[in-house]
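Enquirer: I need the structure of the sequence given here:
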Amino acid sequence: METDLRALARAREWYGPHSSTAAEWAPDALLLAKGTTTVSVVLPARDEEPTVGDIVTVIRRELVERIPLVDEILVVDSNSTDATAERAAAAGARVVAQNAVLSHLPPLTGKGEALWKGLAASSGDIVVFVDADLRDFGAHFVTGLLGPLLTDPGIQFVKGAFERPFTGADGVRLRGGGGRVTELVARPILNMFWPELAGFHQPLGGEYAARRETLEQVPFVTEYGVELGLLVDLLELVGLDAMAQVDLGVRVHSHQSTAALGRMSGQILHTAWTRLERQGRVVAAQPPARTLLQFGLDGQASLMNVVVAERPPLASLLAEEDVA
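Expert: This next block holds a predicted model:
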């Protein structure tokens with residue numbers, strides 16, 4: 001009980017000095033603070049033709065042409081079957097095919113794979129990750145995340161916080177209805193095992209930024225456990241005081257089916273399990289099952305593999321290649 005209370009007190013102590021809003025970070029002031037630091041914005045994208053072009057257009061217009069805060073906009077096309085790559089390129093992004101980056105490695109699937117490949121393919125000192133399915137996107141999503149990193153050399157990682165409404169088929173938005181996996185799976189896990197991270201509003205959100213040298217020192221889960229894995233690994237690497245969060249307002253995006261969210265939850269649970277094992281906090285006679293049995297509306301069963309693969313820290317891979 002005392003340990004729980006100390007961890008909760010630590011989260012509360014961290015929250016105030018390390019939380020801000022996007023409105024606090026004016027682009028003009030950030031440009032002065034930027035100096036010679038370079039910034040890459042990376043968007044992992046799979047079949048995001050309806051939204052990726054608009055996001056790239058806003059970033060290019062507001063943060064490349066109007067105020068030169070961003071040096072590179074990179075879209076990682078994650079094996080899309082639509083015109084995602086064409087829309088992104090037409091809007092002004094550099095587009096790379098996921099499997100073409102570090103192509104000598106066996107290809108893997110998943111969002112985390114696209115993020116890791118985006119880190120490898122980009123060049124900025126600071127890397128900002130933004131999901132490619134956002135609607136009503138504003139440049140403040142990027143400037144908010146850049147604020148603490150450009151003004152405080154002690155900050156290594158910044159996570160976006162936001163309200164996530166659920167948009168129904170009729171277009172009506174239900175406040176607080178989004179983020180179901182966050183509330184039902186990720187938040188309970190973090191509070192149970194890593195309560196220092198309990199102050200992060202949106203631990204699974206896809207908008208975050210970090211210094212390249214820091215990101216290159218941690219592994220990337222290739223599937224949907226990537227955000228939880230990064231939080232836990234970065235806590236261990238740099239400590240809570242080097243992490244911050246910024247309220248970006250309202251985040252509107254597409255929603256997945258309940259079955260898809262179930263598979264995502266399984267991947268997140270596997271990610272948490274691997275971290276607990278590495279930290280010596282659990283010892284099991286046998287590993288957890290790799291599969292999730294799900295049932296459709298017709299009662300038909302499907303068996304899904306929810307085990308997560310990982311890419312190693314990019315720095316270690318690059319060091320091996322330099323030696324070779």
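Enquirer: please count neighbours and contacts with C-alpha atoms only from this point.
Expert: Noted.
Enquirer: what's opposite Val128 in the beta bridge?
Expert: Under the criterion DSSP bridges, Val128 forms beta bridges with Val41, Ala209.
Enquirer: Val39 is in contact with that one, correct?
Expert: Yes: counting by C-alpha atoms under 8 Å, Val128 does reach Val39; the two are 7.5 Å apart.
Enquirer: how many other residues sit next to Gly225?
Expert: Under the neighbour criterion other C-alpha atoms under 10 Å, Gly225 is assigned a count of 28.
Enquirer: can you check Gly299 too?
Expert: If you count neighbours by other C-alpha under 10 Å, Gly299 ends up with 8.
Enquirer: Val128 and Val39 - which one has more neighbours?
Expert: Counting neighbours by other C-alpha under 10 Å for Val128 and for Val39 shows that Val128 has the greater number, 29 against 25.
Enquirer: so who does the more buried one touch?
Expert: The contact partners of Val128, taken as C-alpha atoms under 8 Å, 6 or more residues apart in numbering, are Val39, Ser40, Val41, Val42, Val142, Leu145, Leu146, Glu207, Tyr208, Ala209, Ala210.
Enquirer: looking at those, which is nearest Arg61?
Expert: Minimum separation from Arg61 among these (C-alpha to C-alpha) is found for Val142, which lies at 12.8 Å.
Enquirer: check which helix or strand covers the closest one.
Expert: When secondary structure is defined using DSSP states H and E, the element that contains Val142 is helix 140-151.
Enquirer: what comes up buried for that helix?
Expert: By neighbour count on 16 or more other C-alpha atoms under 10 Å, the buried set for helix 140-151 is His140, Phe141, Val142, Thr143, Gly144, Leu145, Leu146, Gly147, Pro148, Leu149, Leu150.
Enquirer: same list (the residues you listed) but as JSON lines, adding pLDDT and distance to Thr57.
Expert: Shown next, in JSON lines, are the buried residues of helix 140-151 (pLDDT from 0 to 100; distance: C-alpha to C-alpha, whole Å):
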{"residue": "His140", "pLDDT": "97", "distance to Thr57": "14"}
{"residue": "Phe141", "pLDDT": "97", "distance to Thr57": "14"}
{"residue": "Val142", "pLDDT": "98", "distance to Thr57": "13"}
{"residue": "Thr143", "pLDDT": "98", "distance to Thr57": "15"}
{"residue": "Gly144", "pLDDT": "98", "distance to Thr57": "18"}
{"residue": "Leu145", "pLDDT": "98", "distance to Thr57": "18"}
{"residue": "Leu146", "pLDDT": "98", "distance to Thr57": "19"}
{"residue": "Gly147", "pLDDT": "98", "distance to Thr57": "21"}
{"residue": "Pro148", "pLDDT": "98", "distance to Thr57": "24"}
{"residue": "Leu149", "pLDDT": "98", "distance to Thr57": "24"}
{"residue": "Leu150", "pLDDT": "98", "distance to Thr57": "23"}
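Enquirer: format those as JSON lines; extra columns: distance to Asn79.
Expert: Listed next are those as JSON lines, based on distance: C-alpha to C-alpha, whole Å:
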{"residue": "His140", "distance to Asn79": "29"}
{"residue": "Phe141", "distance to Asn79": "25"}
{"residue": "Val142", "distance to Asn79": "25"}
{"residue": "Thr143", "distance to Asn79": "29"}
{"residue": "Gly144", "distance to Asn79": "30"}
{"residue": "Leu145", "distance to Asn79": "28"}
{"residue": "Leu146", "distance to Asn79": "29"}
{"residue": "Gly147", "distance to Asn79": "32"}
{"residue": "Pro148", "distance to Asn79": "34"}
{"residue": "Leu149", "distance to Asn79": "32"}
{"residue": "Leu150", "distance to Asn79": "33"}
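Enquirer: over to Arg60: give its phi and psi.
Expert: Note on Arg60: backbone dihedrals following degrees, to the nearest 10 are phi -60, psi -50.
Enquirer: find the nearest non-adjacent residue to it, please.
Expert: Residue nearest to Arg60 in three dimensions, not counting chain neighbours: Gly92, with 6.8 Å by C-alpha to C-alpha, 6 or more residues apart in numbering.
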